[in-house]
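In: let's see this in three dimensions:
(3 chains)
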Amino acid sequence: MKARVAIPVFPGTNSEEETLRILRDVGLDAEIVHWSRGDRLFQYDAFVLPGGFAYEDRVRAGAIAAHDRMMDAVVDAAIGGKLVLGLCNGAQMLLEAGLVPGTGAIRRPTAAFTHNGPDGKFVCRHVFVKLSVAPERSPITAALAPGALIPAWAAHGEGRLAAPPEHLQEIVDGGHLAFVYTHANGSTDADAIPNQSALGAAALVNVEGNVLAIMPHPERDAWTFNHPDSPEGRAARGNAERMLRPSGGAALFESFAKGLALV
Amino acid sequence: MPLFKVRGESSGALQSAARRAGLALREDELRRIAEELGRDPTLVEVYAFDAQWSEHCSYKSSRRHLRKLPTSGPTVVLGPGQDSGIVHLGEHAGERYGVVVAHESHNHPSQVVPFEGAATGIGGIVRDVLCMGAEVIGVADPLRFGNVDEADSHQRYVATTVVDGIAAYGNAIGVPNLAGDVFFDEGFNENCLVNVVAFGLVKESQIIHSKAPPGSAGWDVVLVGKATDASGFGGASFSSLALDAEDAEANKGAVQVPDPFLKNVIMRASYRVFEYLRERNITAGFKDLGAGGIMGCTAELCAAGGFGAIVDLDDVSTAQAGLPPFVIAIGETQERLAWVLPPEATPDVLRIYNEEFSLPNVARGACAAVIGAVQTEPRYVMRSGNEVVMDVPIDFLTGTIHDELTYEIEAPRTRDDGEAFLSGFDVAETFERVLAHRDVASREPLYREYDAVVRGTTVLPRGCAAAGVIAPIPGSTLGLAVSVAGNPRYGRCSARYAAEAAVVEAVNRIVCVGARPTGLTDCLNFGNPQRTEHFSQFVAAVDGLAEAASVLQVPFVSGNVSLYNESKGGGAVPASPIVGALGTIDDVSRVVTPAFKRDGAALYYIGRARTAIGGSVVAGVLGVEDRLPPLDLEEQARIVTAMLAAIDDGLIAAAHPVTSGGILTAVAAMGFATLRSRPMGAALDDPSPWCGSESATVEAFFAEGHGIVVEATSEDRFLQTMQEQGAPASRIGEVSARAELHLLSADFQAYARFPLDRLHDAWSAPLREVYG
Amino acid sequence: MKTRAIEIRLKIPDNAAYTAMAALERLGVAAERVERAEIWVFEVEDDADGLLVEVMRNESLFNPNKHAARELETPSPRAGEVWIEELGDDPDLRARLGGKGVRGVRSAKRYVGWRLLDRQGKPVTKDVAQNAADVLLCNPAIERALL
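Out: Below you'll find the predicted structure:
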């Protein structure tokens, strides 16, 4: 049986359609599960929490969604070893739910993606993220090359990793820092980080490696037509079929699909 | 039911009663209402007419001029008249797709409460597109602010908070911001312009119209959305009144409160309803609530189908008890729409909104509910309690009323090319000042607050090229290009020129990404039409739009008029005809980007080199006055045709239109576009041979001549195409692998070299200071 | 120097408080009504007259169309209240007090003040308020709750 992937949609989610498209385009059997059908979530083998503003990020980004009934199914799945990928708002929910980095109790967060530095404003900016753990640290990244660079769009108002010093140390020591922001050439400095995130963190992974929370959106730079001036884009010039193929940020989802076949 | 006494009142008493009630209706209009009704109007009625007969709703002084705009053509699916227009995008998998476009202003509300004003501007325009049965796929935001030099100024507060409001709303509903622009000019100190454009995708066989369908007598009128409250009472009249400092306080009660969270859910629930109606082959009517609230929307919805309506205000979900009937009827609470539905479909539609999408859990009191019915008798009736609070002939309420206002014909303000007179200025020093001018500098510090890429359809995001491009249909390479234009520096010189230039620039922007222009939309922002000076500008601008659109053969499909953009101190905004353009790229694998592609490739300027610099950035930077350069619309049409032919033949590797800052700025932008990947620059020849004047270097590089800079792939074939199409083209230099702009003098000695990164720094800094 | 607190409350319906109330209800917190306000605690010079007027004059803090403002008797939470303070650097605070600032103010702290009321409209007990902070209103990794 082919694994089935659920994309839970909360009131206020807004990136479900492109998330569905890229999962299907990398060969997965994925479905959107609307909040009125949340009870069905228990039937799925893996979860991709999409971006948006669930409950308009009232109280804090991802906070109310983290306590939503739909999230109960995601928590159960994560504890049971199923793969869970959180994109942007989905990542915020995973931290609020305490699943990532997962060093504390459930729904007692030890870190958060919070108001961007320096001025708290939303930032929409193209970025690159670099795999900064060994690929096999997580089934979700296992098919990526060591140090893989993935293009993505940062598009968030609350994406700065913040935590007390002891928890930040835990994130480093426990190998939770899955991706950091870099320039296109893989180098990093303050300019490469769109939001002053601690450790330059773009993504964190949990202790067991089955839950990954990534702030920027690889799914918004996941088809060749999303980057016409890239080498793939130039190579696809005049070729409609190639222009529609997954590339760039799709690498993360391809790896997710392969990881799903492993677990 | 309290009546508003008109009959038998003296002129003075009537005028002061109207003022006390906050009515914008004039005495003659009030008397006409009483005469038609044969009695004094009720309070609900008088506020209803106040909204419907405002310029905002009735176009009473502008309509006869707007008729001059060309509105038909092979690309037009639905012209102006309903909530939005629709242009043909293309075909995919046997389906014809259209793009819905609506354009509005939210100027006055944004000046008074910038965050809410701008956010509800986006909210409102999105509903205009949604109600055509479309999926909302993008927004654009042409903005005009005052002088923002002082960090503590109100203008700075408005300029930054408006952007926060647009971002907060657009980002939350998940609609990418595709295009926009911003200008800063003292003329907007007391009246900012916040124009908003929204785009939607619809299958042409599945358009829903803003009218009660044929045979819909007895059908339900269903109100969807937020619980009605007292916010936004008097909005329609508000936007038709001149602002002054005292009124600004009083008017704040007329400002609407946005709820993008609720809108996000309403949009998705409505998509589900569209699907439901399609499955059952049901034709329904759907319309956004804007000016005039429940009354304005349901009256126009039913009148458009040739019907009347009965609405029961007791059935409206309200946020608080005890709201007077005229507030429930006319108030402009946000996030509401109305359906006309056959009764057998109503329970299912209510279930979708109220249960499947659980509106009541999303916002207190939000829901879908039946509030009335369509009726054959052509009267608009409202009930409250056991009383009839409104009962008027529906056509009298919504039908055309006219104001004939006087205007004068504007004198032309251009000059033919002639003597150069800027020979005393240094190109190098001038260049950095031009790039750092607020009308030229990078807009990134502003637009990076906007989500440009949600939906995953973005091909060229905002700021990456002269137009935004998306591939909105999954699995298809059909592309939609969108742009906006409207230069207040031209508006200060000549309204007609500004209008023509806006059409030309918006179209050039579309062409530069390789798209075929398919439609235009306009928002006309002017001062008080009762003043001949301002109304003359309005008329001149409409004439300019009409002529430019006719010559370029691109029709207008939607638009909006915003008059009274003046304060009582007397200052009106510079004439501001703002134009949006749409275009189709049949295959986005052939999209043209501005980035230089090949070392040694030839750079051409398509268009006529100009030496007149009136209205240009360089004139402002150097503090000189001049007349405007000529704008030859016939030649611009040939440039468009020539560009499209050259792009079709693969002869254009990169393109950028010449706008604020002239040719050199356009070339720099093409270099900046390479900085993310492999940086490339250009070497430009001495301009004397192509600008036709020995000492006109500064003019040649910085005049704003409405042409296009391109990188050609094959020079011979490119020149042949230009010649065949009758478009002037001059070789201005070459692409270079060095990341610098290199200007050569007549003897091929370098007389200026600009490293691209330094230019980029100069260009990036100015708006960072404003937008952080 | 004196410590003074200004509360800025929405006059229009507070959608966020409504959503928080619904979430708290699901989490078993016995609050029948939830209100929210922004609370500024200022260190001001002793002779700083008209602090409230000064705050209301700062258009990035206060908008008379949607806000009501008042000075609190004491700069600390009252019964049934939880004040949430962001730990470390609060970028938003800097951005918002920038621009015109507030005359006479030496330093400022910003809190989100939540007020929980029971069925009778009385403030909830400290235990209930603490519970609300623990389960939803406060993320201890980045925030501190004052009761």
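In: any chance you could map the helices in chain C?
Out: Secondary structure of chain C by DSSP state H: the helices cover C:15-26, C:51-57, C:91-97, C:126-132.
In: looking at these, which is nearest to residue B:466?
Out: With Cβ to Cβ, the closest approach to residue B:466 among those belongs to helix C:91-97: 31.7 Å. C-beta: built from backbone N, CA, C; applies to glycine.
In: can you tell me which of the helices of chain C the model trusts least?
Out: The minimum mean pLDDT among the helices of chain C belongs to helix C:91-97 (a mean of 61).
In: pLDDT below threshold where in the chain?
Out: I went with chain A, as the question did not name one. Chain A contains residues with pLDDT under 70 at A:1.
In: that answer is for a different chain, and I need it for chain C
Out: Short version for chain C, where the test is pLDDT under 70: C:47-48, C:89-96, C:98-100.
In: single out the residue in it that lies closest to chain B.
Out: Residue of chain C nearest chain B, by Cβ to the nearest Cβ: residue C:65 (3.7 Å).
In: surely that residue is in contact with residue B:114?
Out: No: the criterion here is Cβ atoms under 8 Å, and residue C:65 misses it with residue B:114 at 11.2 Å.
In: quick one: secondary structure of residue B:547?
Out: helix (DSSP: H, G, I helix; E, B strand; the rest coil).
In: what number of residues lie near it?
Out: Residue B:547 has 18 neighbours, counted by other Cβ atoms under 10 Å in any protein chain shown.
In: residues from the stretch 251-400 of chain B in reach of chain A?
Out: The stretch 251-400 of chain B comes close to chain A at residues B:260-261, B:264-265, B:355-358, B:361-362, as judged by Cβ under 8 Å from any Cβ of the partner chain.
In: closest one of these to residue B:319?
Out: Closest to residue B:319 out of these is residue B:362 (13.9 Å), distances taken as Cβ to Cβ.
In: who are the contact partners of the closest one?
Out: Residues in contact with residue B:362 (Cβ atoms under 8 Å, 6 or more residues apart in numbering or on different chains) are A:11, B:261-262, B:265.
In: phi first, then psi, for the residue in chain A that chain C sits nearest to.
Out: Closest to chain C within chain A is residue A:120: 3.7 Å, counting by Cβ to the nearest Cβ. Main-chain torsions, residue A:120, degrees, to the nearest 10: phi 80, psi 0.
In: residue B:511 and residue B:471, how far apart?
Out: 18 Å (Cβ to Cβ, to the nearest Å).
In: with adjacent residues omitted, what lies nearest to the residue in the stretch 151-263 of chain A that chain B sits nearest to?
Out: Of all residues in the stretch 151-263 of chain A, residue A:243 sits closest to chain B, at 3.8 Å by Cβ to the nearest Cβ. Take residue A:243 and drop its neighbours on the chain: the residue closest to it by Cβ to Cβ, 6 or more residues apart in numbering or on different chains is residue B:589, 3.8 Å away.
In: what's the average pLDDT for stretch B:670-683?
Out: Stretch B:670-683 comes out at a mean pLDDT of 94.
In: show me the contact partners of that stretch.
Out: Contacts for stretch B:670-683 (Cβ under 8 Å, 6+ apart): A:126, A:184, A:229-230, B:464-465, B:593-597, B:599, B:603, B:654, B:656, B:667, B:709, B:711, B:733-744, B:756-757, B:759-760, B:763.
In: narrow those to those that are buried.
Out: The neighbour count (16 or more other Cβ atoms under 10 Å in any protein chain shown) marks A:126, A:229-230, B:464-465, B:593-597, B:603, B:654, B:656, B:667, B:709, B:711, B:733-736, B:738-744, B:756, B:759-760, B:763 as buried among the contacts of stretch B:670-683.
In: among the residues you listed, which are located in helices?
Out: Short answer: these in helices (DSSP H) are B:667, B:756, B:759-760, B:763.
In: among the residues you listed, which one lies nearest to chain A?
Out: residue B:760 (13.1 Å).
In: excluding its backbone neighbours, what's nearest that closest one?
Out: residue B:672 (5.5 Å).
In: can you check residue C:31 too?
Out: Spatially, and ignoring its direct neighbours in sequence, residue C:31 is nearest to residue C:116 (3.9 Å; Cβ to Cβ, 6+ apart).
In: give me the below-cutoff pLDDT ranges for the stretch 301-450 of chain B.
Out: B:416-420.
In: enumerate every residue touching the residue in it that chain C sits nearest to.
Out: Closest residue of the stretch 301-450 of chain B to chain C, Cβ to the nearest Cβ: residue B:364 (5.1 Å). Neighbour list for residue B:364: B:227, B:319, C:13, C:15, C:18 [criterion: Cβ under 8 Å, 6+ apart].
In: which element follows whatever helix or strand residue B:533 lives in toward the C-terminus?
Out: Following DSSP states H and E, the helix or strand that holds residue B:533 is helix B:532-552. Following helix B:532-552 in sequence order, the next helix or strand is strand B:556-562 (DSSP H and E).
In: ok, that following strand: who's next to it in the sheet?
Out: Using DSSP bridges, strand B:556-562 pairs in its sheet with strand B:516-525 (parallel).
In: quick one, the partner strand and helix B:532-552 angle?
Out: 180 degrees (axes from the mean of the first three to the mean of the last three Cα atoms, to 10 degrees).
In: extract the CA atoms of strand B:516-525 and return them as PDB.
Out: This file holds the C-alpha atoms of strand B:516-525, laid out as PDB (Å, rounded to 0.1, in the frame of the first residue of the first chain):
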ATOM      1  CA  ARG B 516       0.700  40.400 -25.100                       C
ATOM      2  CA  PRO B 517      -1.300  43.200 -23.500                       C
ATOM      3  CA  THR B 518      -5.000  42.100 -23.100                       C
ATOM      4  CA  GLY B 519      -6.700  44.700 -20.900                       C
ATOM      5  CA  LEU B 520      -6.400  47.800 -18.900                       C
ATOM      6  CA  THR B 521      -8.000  49.000 -15.700                       C
ATOM      7  CA  ASP B 522      -7.900  52.600 -14.300                       C
ATOM      8  CA  CYS B 523      -8.400  54.500 -11.100                       C
ATOM      9  CA  LEU B 524      -8.800  58.200 -11.600                       C
ATOM     10  CA  ASN B 525      -7.800  60.200  -8.600                       C
END
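In: what number of residues lie near residue B:530?
Out: 14.
In: with the one 5 residues further on instead?
Out: When neighbours are counted by other Cβ under 10 Å, residue B:535 registers 23.
In: so it touches residue B:404, yeah?
Out: No: contact criterion Cβ under 8 Å: residue B:535 and residue B:404 do not qualify, at 10.5 Å.
In: identify the contacts common to those two.
Out: By Cβ under 8 Å, 6+ apart, residue B:535 and residue B:404 have these common neighbours: residue B:61.
In: any idea which helix or strand carries residue B:137?
Out: Per DSSP H and E: strand B:135-145 holds residue B:137.
In: quick one: strands adjacent to that strand?
Out: strand B:177-184 (parallel), strand B:193-203 (antiparallel).
In: tell me which of these sits most buried.
Out: Among those, ranked by average contacts under mean count of other Cβ atoms under 10 Å in any protein chain shown, first place goes to strand B:193-203 (a mean of 27).
In: with just CA atoms, put it into PDB.
Out: Output in PDB follows, covering the C-alpha atoms of strand B:193-203 (Å, rounded to 0.1, in the frame of the first residue of the first chain):
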ATOM      1  CA  LEU B 193      -3.600  57.700  -2.600                       C
ATOM      2  CA  VAL B 194      -4.100  54.000  -1.800                       C
ATOM      3  CA  ASN B 195      -5.300  52.400  -5.000                       C
ATOM      4  CA  VAL B 196      -5.800  48.600  -4.900                       C
ATOM      5  CA  VAL B 197      -6.200  46.100  -7.800                       C
ATOM      6  CA  ALA B 198      -7.200  42.500  -7.400                       C
ATOM      7  CA  PHE B 199      -7.000  39.700 -10.000                       C
ATOM      8  CA  GLY B 200      -9.000  36.500 -10.100                       C
ATOM      9  CA  LEU B 201      -9.000  33.400 -12.300                       C
ATOM     10  CA  VAL B 202     -12.300  32.000 -13.600                       C
ATOM     11  CA  LYS B 203     -13.300  29.500 -16.300                       C
END
